[in-house]
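Colleague: Need coordinates for the following:
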Amino acid sequence: MLMPLLKPLSRQSSRQQRDLAGRLVRSRRSRLLLRLLRPQRRRIALLLVTIFWATIFEVTVYPALIGAIFKVLDPKQLLLSKKLAAYPFLVHAADGLNRFFGTTPEARLRALLIIAAAAVVMALVRGALAYVRDYLGAYVGGRALIDLRLQLFERLQHLSLAFFESQRVGELMSRLTADVGLVQQLVSADMTNYVAAPAIILGGLAVMMIVNWKLTLFVMIFAPLTIYVVARTGRRIGRLTRTQQERVADLNSRLQERLASIRVIQSFARESYEIEQFRRVNDSTFETAMRAVRVGALAPQAIQFLATLAFAVVATYAGILIIRQQLGLAGLMAYFALTQKVGAYFVRFGGLNLRVSQSLVALSRVMEVAEREADVQEKPDARPLPRIEGRVALRNVSFRYPEGEIVLKDVDLEIRPGEMVALVGSSGAGKTSLANLIMRFYDPTDGTVEVDGYGVRDVTLHSLRSQIGLVPQDTILFGGTIKDNILYGRFDASDEEVVAAAKAANAHEFIVALPRGYDSDVAERGVKLSGGQRQRIAIARAVLKDPRILILDEATSSLDAESEALVQEALHRLMQGRTTLVIAHRLSTIRRADRILVLAEGRIVEEGTHDQLLPTGGVYSRLYGKQYGATPQQAQARGVN
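Modeller: The predicted model follows:
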């Protein structure tokens with residue numbers, strides 16, 4: 001019985017929630033726009049002044065000149081009637097002009113020449129104002145775009161790993177390129193026109209009311225319908241634009257992923273499959289774009305039709321007034337010139353509103369990144385971490401990823417300065433998660449992580465991470481030279497220090513053998529170099545950084561035997577005198593570890609040296625047996641260990 005009554009209430013509640021969400025989004029967009037435009041407030045003030053004077057010229061000078069020309073051509077008319085100069089400060093000017101020009105043909109020719117000259121001067125003034133307006137609008141918009149892109153990149157640099165692990169690179173690239181491009185459209189020329197067009201429309205209507213309020217009322221009958229068309233179309237364009245931008249993001253993500261995985265695609269001979277999948281996404285993007293185009297193309301035509309209809313009604317009524325001699329031809333032509341100007345800006349404003357709707361959707365998508373807070377926050381009173389010895393402690397640490405299961409449970413661990421500790425265990429045991437907590441890529445769910453007795457949450461991120469070196473499994477080299485990549489460890493290092501770091505990493509010999517030596521270019525991700533060469537450059541980078549704590553995340557798991565030997569030798573030099581945490585799948589690489597910690601289901605289940613753990617028959621022993629296909633006793637007999 002109550003359901004029919006509750007349904008309208010439910011719909012009303014949903015509408016209220018959507019309205020509230022919409023208001024919140026609009027409020028946040030406004031704050032972001034104000035933040036972007038605040039540094040340009042002086043130029044914006046000058047821009048508004050320019051728009052004001054340009055509007056005055058558009059709605060007064062231009063139609064007045066048209067009316068004046070027709071008055072000069074009609075010998076029965078005075079140049080300026082007191083009806084058109086109804087304001088006190090214009091009455092004397094009107095009388096003076098009428099007396100000066102007179103009514104003779106010679107006087108009217110002189111007036112016509114003066115009016116023509118005035119039109120040329122006014123055109124120059126109007127052109128200058130339009131130039132300043134357009135330049136300032138483009139400058140303010142371009143500067144805001146630069147600042148926005150920088151803010152986005154800065155925000156991305158400080159977001160936590162959890163954010164990037166939940167986002168696709170192509171999606172982020174789409175927001176930094178396609179969406180930011182639409183925002184530029186909003187804060188440059190469109191922003192200027194979005195202020196100028198309403199000013200001209202309202203100013204023109206005000207002057208039209210002064211000139212002939214009856215005709216103006218006929219024009220304004222069509223205004224509500226036009227506004228409705230503009231508003232409704234803008235909302236629909238906004239929805240379609242969001243869908244379109246999401247499709248573009250999907251397209252970019254697929255493109256980025258497939259290009260990065262081209263070796264896998266070709267090795268499985270899946271080129272045709274990938275082309276077909278890309279075609280489907282590409283077609284879907286096109287279809288969404290065309291729906292927006294259909295709506296966007298129809299709206300201006302509807303507005304143009306309404307403007308033409310309004311003009312026809314006004315022209316008919318004006319003709320009646322002229323026939324009844326209640327309106328002069330000069331006044332009518334001036335009024336029509338003004339009507340045409342206002343109508344043109346109405347049509348322009350309609351198209352402009354569609355583009356602004358698209359830009360606001362893009363701004364909302366950009367805002368989702370610009371206002372994203374990092375999961376790992378630095379305390380306001382965080383202090384710099386002094387030079388450390390390298391003592392690391394985890395006290396009752398538990399950790400779970402957002403919306404995931406617990407990966408570390410009540411871990412207690414202390415690593416002494418200069419000690420080499422290895423983490424082993426099956427995939428998903430929590431090895432990398434533990435290392436990430438030390439670098440504070442994540443914060444533990446429970447417990448504390450300390451470095452030299454300082455809680456990592458109590459010190460600045462820069463001072464903590466600048467004293468920790470990471471050599472990952474997947475070595476990333478940046479576009480540039482080999483020297484640039486090594487200098488990434490410490491920008492102020494000398495050439496001698498770069499060479500010394502490369503020698504320590506067993507990289508110097510292959511570098512000097514290249515055509516340009518240390519100035520040789522490295523392709524994106526270092527694809528021009530072998531895996532061992534890339535890894536040794538990464539080690540040289542870490543050597544140059546000179547960290548007190550070193551984390552090696554499966555640094556040799558993907559190398560051949562010869563490359564692994566060179567990298568292991570380089571790593572051994574790098575580890576000297578440093579606290580080292582090694583994450584390893586190849587158990588033979590951690591025989592020299594001072595301690596081996598075996599993780600299973602998020603807990604440390606075994607601890608000891610290689611020789612202590614191998615004969616126990618525990619988890620480490622079983623992992624070792626699986627890896628080498630032998631029992632611990634057989635492995636020892638073969639000399640594998």
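Colleague: pLDDT at I115, what is it?
Modeller: On pLDDT, I115 comes in at 74.
Colleague: And it, how far from V61?
Modeller: Here the criterion is C-beta to C-beta, to the nearest Å. By it, I115 lies 11 Å from V61. Heads up, the C-betas are built off the backbone N, CA and C, glycines and all.
Colleague: Which stretches in the stretch 401-550 of the chain count as helices?
Modeller: 431-438, 461-465, 482-487, 495-504, 508-512, 531-545 (DSSP state H, counting those that start in this stretch).
Colleague: What are the buried residues along the second one?
Modeller: By 16 or more other C-beta atoms under 10 Å, the buried positions in helix 461-465 come out as L461, S463, L464, R465.
Colleague: And for it, what's in contact with it?
Modeller: V376, E378, A382, P384, L385, M439, R440, V451, V456 (C-beta atoms under 8 Å, 6 or more residues apart in numbering).
Colleague: that's a helix at the fifth one, yeah?
Modeller: Which is L385. No: counting by DSSP: H, G, I helix; E, B strand; the rest coil, L385 is located in no helix; its state is coil.
Colleague: what pLDDT does V499 get?
Modeller: What the model reports as pLDDT for V499 is 90.
Colleague: Please report how far the nearest residue to it once chain neighbours are set aside lies from L487.
Modeller: Among residues not flanking V499 along the chain, H508 sits closest, at 6.4 Å (C-beta to C-beta, 6 or more residues apart in numbering). Distance, H508 to L487, by C-beta to C-beta: 15 Å.
Colleague: Next: L477.
Modeller: For L477, the distance to L487 (C-beta to C-beta) stands at 12 Å.
Colleague: And for A435?
Modeller: When A435 is compared with L487 (using C-beta to C-beta), they lie 25 Å apart.
Colleague: Also R372?
Modeller: With C-beta to C-beta as the criterion, R372 and L487 are 31 Å apart.
Colleague: neighbour count winner among these two?
Modeller: L487 (21 against 16; other C-beta atoms under 10 Å).
Colleague: So what does the closest residue to that one other than its chain neighbours have for phi and psi?
Modeller: Once flanking residues are discounted, L487 sits nearest to A493: 6.0 Å by C-beta to C-beta, 6+ apart. Dihedral angles of A493 (phi, psi; degrees, to the nearest 10) stand at phi -70, psi 150.
Colleague: what's the burial count for A493?
Modeller: Neighbour count for A493, taken as other C-beta under 10 Å: 18.
Colleague: Strands of the stretch 201-350 of the chain, residue ranges please.
Modeller: Counting by DSSP state E, counting those that start in this stretch, the stretch 201-350 of the chain forms no strands at all.
Colleague: Show me where it has its helices.
Modeller: Counting by DSSP H, counting those that start in this stretch, the stretch 201-350 of the chain has helices at residues 213-220, 223-260, 262-267, 271-323, 329-370.
Colleague: ok, now the stretch 51-200 of the chain?
Modeller: Taking DSSP H, counting those that start in this stretch as the criterion, the stretch 51-200 of the chain carries its helices at 62-73, 88-101, 105-158, 161-165, 169-174, 180-187, 189-211.
Colleague: weakest of those by average pLDDT?
Modeller: helix 88-101 (a mean of 53).
Colleague: how does the chain divide into domains?
Modeller: Split into domains by automatic domain parsing, the chain comes to 22-370, 392-638.
Colleague: for the last one, the distance to its chain's centre please.
Modeller: The one in question is domain 392-638. 33 Å (C-alpha atoms, centre = their mean, to the nearest Å).
Colleague: What of stretch 150-169?
Modeller: On C-alpha atoms, centre = their mean, the centre of stretch 150-169 falls 10 Å from that of its chain.
Colleague: got a pLDDT number for the residue nearest the centre of the chain?
Modeller: Against the mean C-alpha coordinate of the chain, by C-alpha atoms, centre = their mean, the closest residue is L176 at 3.5 Å. In this model, L176 is scored at 75, pLDDT.
Colleague: That one: what's it in contact with?
Modeller: Going by C-beta under 8 Å, 6+ apart, L176 touches R149, L152, F153.
Colleague: burial of the last one, as a residue count?
Modeller: Applying other C-beta under 10 Å, we find 11 other residues in the vicinity of F153.
Colleague: same deal with the second one?
Modeller: Counted by other C-beta under 10 Å, the residues lying close to L152 total 20.
Colleague: What distance do you get for it to A370?
Modeller: 6 Å.
Colleague: V451 contacts P547, correct?
Modeller: No: judged on C-beta atoms under 8 Å, V451 makes no contact with P547 at a distance of 11.6 Å.
Colleague: Quick check: neighbours shared by these two?
Modeller: Q467.
Colleague: And the two? Which one has more around it.
Modeller: Neighbours per residue, other C-beta under 10 Å: of V451 and P547, the larger number sits with V451, 24 against 21.
Colleague: Look up how far I539 lies from that one.
Modeller: 22 Å.
Colleague: before we move on, what about V424?
Modeller: Counting by C-beta to C-beta, the gap from V424 to I539 is 21 Å.
Colleague: More neighbours: those two, which one.
Modeller: Remark: of V424 and I539, I539 carries more neighbours, 29 against 25, as counted by other C-beta under 10 Å.
Colleague: Apart from its chain neighbours, what residue comes closest to that one?
Modeller: Nearest non-adjacent residue to I539, counting by C-beta to C-beta, 6+ apart: A505, 4.0 Å away.
Colleague: ditto for D546
Modeller: Nearest non-adjacent residue to D546, counting by C-beta to C-beta, 6+ apart: R490, 7.5 Å away.
Colleague: Now for that neighbour, how many residues are close by?
Modeller: 17.
Colleague: likewise A128?
Modeller: A128 has 13 nearby residues by other C-beta under 10 Å.
Colleague: And for G204?
Modeller: Other residues close to G204 by other C-beta under 10 Å number 25.
Colleague: List the contacts of V582.
Modeller: Going by C-beta under 8 Å, 6+ apart, V582 touches M420, V421, A422, L423, L552, T589, I590, A593.
Colleague: Return the subset of these lying in strands.
Modeller: Judged by DSSP state E, strands contain the following of those: M420, V421, A422, L423, L552.
Colleague: just those residues now: which is nearest E257?
Modeller: E257 has its nearest neighbour among those in L552, at 28.0 Å by C-beta to C-beta.
Colleague: Please name the bridge partners of that closest one.
Modeller: V471, V582 (DSSP bridges).
Colleague: ok, it touching H585?
Modeller: No: counting by C-beta under 8 Å, L552 sits too far from H585 to count as a contact (11.8 Å).
Colleague: out of the two, which sits in the busier spot?
Modeller: Ranked by neighbour count (other C-beta under 10 Å), L552 and H585 place L552 first, with 27 against 18.
Colleague: average pLDDT for stretch 220-230?
Modeller: Taken as a whole, stretch 220-230 has an average pLDDT of 75.
Colleague: Now tell me what touches it from outside.
Modeller: By C-beta under 8 Å, 6+ apart, the list of residues contacting stretch 220-230 from outside reads 205, 299, 302-303, 306-307, 309-310, 313, 346, 349-350, 353.
Colleague: CA atoms only for it, dumped as CSV, please.
Modeller: The C-alpha coordinates for stretch 220-230 follow below in CSV (Å, rounded to 0.1, in the frame of the first residue of the first chain):
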residue,chain,number,x,y,z
MET,A,220,12.2,39.7,-25.7
ILE,A,221,9.2,37.4,-26.2
PHE,A,222,11.6,35.0,-27.9
ALA,A,223,14.4,35.3,-25.2
PRO,A,224,13.1,32.7,-22.7
LEU,A,225,12.7,30.0,-25.4
THR,A,226,16.2,30.7,-26.7
ILE,A,227,17.7,30.5,-23.2
TYR,A,228,15.9,27.2,-22.7
VAL,A,229,17.3,25.8,-25.9
VAL,A,230,20.8,26.9,-24.9
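Colleague: Having no further points to raise, I will conclude here.
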